[in-house]
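In: the sequence and its predicted three-dimensional model are supplied below.
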Amino acid sequence: MVLILSFLLLSGLIGCTPTSDENPDWPWQEPESELPETPVEPEEDATLDRWTDVSAEYGPLPEYIKVYKSPECLEGKKAVSFIAVADMTAAQWDIWSINDVAMEGTDDAFKTPSAVYSEEKWPVVINAGFFYSSGGKNYSASLAVKDSEVLAYNINYASEDWVTIYYPTRAALLETSEGVFNACWTYKGRSAHYMYTAPADNNWESRPAKTPSSAYPDGAEEFEAKTAIGGGPLLIDGGKFRNTYVEELFYGASGIAPDSNQPRTAVGVTADKKMITFVCEGREMTEGVTGLTTADVANVLLDLGCVEAINLDGGGSSCMLVNGRQTITPCDGAQRAVGSTIMIK
């Protein structure tokens with residue numbers, strides 16, 4: 001959506017084993033007909049005991065929020081990555097988003113994470129959903145729910161040529177009014193908003209799947225949440241690797257380059273209700289650090305114990321602040337103004 005991808009430079013990864021011989025000449029991947037990557041065995045260097053607790057470097061934090069820096073390598077690649085781990089039995093999370101509930105664009109301004117932080121001084125702020133501008137209006141392409149009120153919906157159409165139109169279900173992470181966390185796929189129709197236990201079976205190489213409804217795909221329920229954020233692809237569901245970028249149509253010329261190394265942002269929740277917000281640097285802001293694929297991010301979050309997780313906007317949008325301080329260096333060289341954020345206190 002708002003991703004400005006540059007050519008990737010191939011660098012030797014000292015002490016890391018690369019997963020391929022070279023990066024693609026152009027960051028958008030060719031559409032694939034095969035299913036998404038299957039999970040690999042967890043690497044020892046991805047478990048939390050190999051991450052360094054850097055909480056003290058970012059000033060005072062509530063005792064139930066910790067910040068960690070990654071080991072030098074993640075998924076065999078040189079990495080600069082940070083996570084904030086918040087115990088949600090004590091912590092609170094919230095959403096800031098432009099209000100685009102009519103899906104017709106808004107005059108609401110995008111904000112940098114620092115601008116969001118300056119308003120209420122949340123200890124943790126990360127960029128969240130996808131967004132874009134057109135015709136002088138700002139649009140959200142991702143679900144945002146605050147205090148049970150929908151501020152924006154996941155985009156409900158996609159096309160490569162604007163002749164054939166697809167209606168994908170896209171990922172969301174939500175918390176119910178009972179405090180239950182769940183990753184699901186959603187779709188906003190004309191008269192109802194649904195969530196599903198499986199994605200609509202779309203891919204760019206086939207004709208569009210049926211329009212999502214109360215009968216398709218599986219597990220349809222009317223959407224309800226106290227707090228929710230959309231993005232995609234869905235990475236982990238019920239403790240299982242998913243990475244459904246094919247079904248969610250996040251690959252190809254209009255996608256997010258899921259199979260190439262990029263800066264990434266993601267959010268997940270563990271079985272014991274710890275929320276993990278994740279960012280990784282990329283595009284050589286640190287020498288040799290090109291970023292991760294969405295499959296890499298899914299595997300890292302699985303290793304960290306997440307049972308539900310989704311990918312969020314990445315590239316130049318990726319940013320996590322702790323007490324207002326940047327963790328990674330944004331690949332634009334400065335923070336990008338974004339359409340939504342997650343905040344934790």
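Out: Nice, thanks for sending it over.
In: okay, the nearest residue to V124 once chain neighbours are set aside: pLDDT?
Out: Distances taken as C-beta to C-beta, 6 or more residues apart in numbering put I344 closest to V124, at 4.1 Å, once the chain neighbours are dropped. C-betas here are computed from N, CA, C, even on glycine. pLDDT for I344: 98.
In: and if you look at F241?
Out: On pLDDT, F241 comes in at 98.
In: and if you look at the one 10 residues further on?
Out: Y251 is assigned 98 on the pLDDT scale.
In: what does S254 give?
Out: At S254, pLDDT is 88.
In: helix, strand or coil for the residue lying closest to it once chain neighbours are set aside?
Out: Leaving out its chain neighbours, the residue that sits closest to S254 by C-beta to C-beta, 6+ apart is E160, at 6.1 Å. The assignment at E160 comes out as coil when based on DSSP: H, G, I helix; E, B strand; the rest coil.
In: does S133 touch S140 like I think?
Out: No. Judged on C-beta atoms under 8 Å, S133 makes no contact with S140 at a distance of 10.9 Å.
In: follow-up on the earlier one: OK, contacts around the residue nearest to V124?
Out: Contact partners of I344, counting by C-beta atoms under 8 Å, 6 or more residues apart in numbering, are 65, 84, 86, 91-94, 122-125, 275, 277.
In: quick one on the thing from earlier: more neighbours: S133 and S140, which one.
Out: A count of neighbours by other C-beta atoms under 10 Å puts S140 above the other of S133 and S140, at 31 against 12.
In: beta-bridge partners for that one, please?
Out: S140 has these beta-bridge partners by DSSP bridges: F131.
In: so E119 belongs to a helix, correct?
Out: Yes. Counting by three-state DSSP, E119 is part of a helix.
In: and V116, what helix or strand is that in?
Out: helix 113-120 (DSSP states H and E).
In: list the helices and strands the longest helix along the chain packs on?
Out: Across the chain, the longest stretch assigned as helix under DSSP state H is helix 294-303. Under the contact criterion of 3 or more C-beta pairs under 8 Å, 6 or more residues apart in numbering; DSSP states H and E, helix 294-303 touches strand 234-237, strand 240-241, strand 264-270, strand 274-280, strand 306-311.
In: let me see the mean pLDDT of the third one.
Out: Strand 264-270 comes out with an average pLDDT of 98.
In: low-confidence ranges, the chain, go.
Out: Within the chain, the stretches with pLDDT under 70 are 1-46.
In: which other helices and strands does the helix holding V116 contact?
Out: With contacts taken as 3+ C-beta pairs under 8 Å, 6+ apart, helix 113-120 sits against strand 124-127, strand 320-322, strand 340-344.
In: send me it as CSV with only the CA atoms.
Out: Extracted in CSV, the C-alpha atoms of helix 113-120 (Å, rounded to 0.1, in the frame of the first residue of the first chain):
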residue,chain,number,x,y,z
PRO,A,113,4.7,7.5,15.4
SER,A,114,6.4,10.4,17.2
ALA,A,115,3.4,12.6,16.7
VAL,A,116,1.2,9.9,18.2
TYR,A,117,3.6,9.5,21.1
SER,A,118,3.6,13.2,21.8
GLU,A,119,-0.1,13.3,22.5
GLU,A,120,-0.3,10.8,25.4
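In: list the buried residues for it?
Out: Neighbour counts over helix 113-120 (16 or more other C-beta atoms under 10 Å) mark 113-117 as buried.
In: specify which member of the residues you listed is nearest to I98.
Out: Of all the buried residues of helix 113-120, the one with the least separation from I98 (C-beta to C-beta) is V116, at 11.6 Å.
In: the closest one touches I342, doesn't it?
Out: No. Contact criterion C-beta under 8 Å: V116 and I342 do not qualify, at 9.7 Å.
In: look up the residues that both of these two are in contact with.
Out: Taking C-beta under 8 Å, 6+ apart as the criterion, V116 and I342 both touch V125.
In: what about F278, how many neighbours?
Out: So F278, with other C-beta under 10 Å, has 28 neighbours.
In: gap between it and V246?
Out: 22 Å (C-beta to C-beta, to the nearest Å).
In: just C280 next, same as before
Out: Counting by C-beta to C-beta, the gap from C280 to V246 is 22 Å.
In: and those two? Which one has more around it.
Out: C280 (30 against 24).
In: who are the contact partners of D218?
Out: Here D218 is in contact with 196-198 (C-beta under 8 Å, 6+ apart).
In: what about it, which SS state?
Out: Following three-state DSSP, the label given to D218 is coil.
In: who's the residue lying closest to A144 once chain neighbours are set aside bridged to?
Out: Among residues not flanking A144 along the chain, S97 sits closest, at 3.4 Å (C-beta to C-beta, 6+ apart). In this entry, S97 is beta-bridged to S340, by DSSP bridges.
In: wait, S97 touches A152, no?
Out: Yes. Judged on C-beta under 8 Å, S97 makes contact with A152 at a distance of 5.4 Å.
In: which neighbours do those two share?
Out: Contacts common to S97 and A152, judged by C-beta under 8 Å, 6+ apart, are 129, 140, 144, 339-340.
In: and of those, the nearest to A309?
Out: Relative to A309, the closest of the shared contacts of S97 and A152 is G129; by C-beta to C-beta it sits at 14.8 Å.
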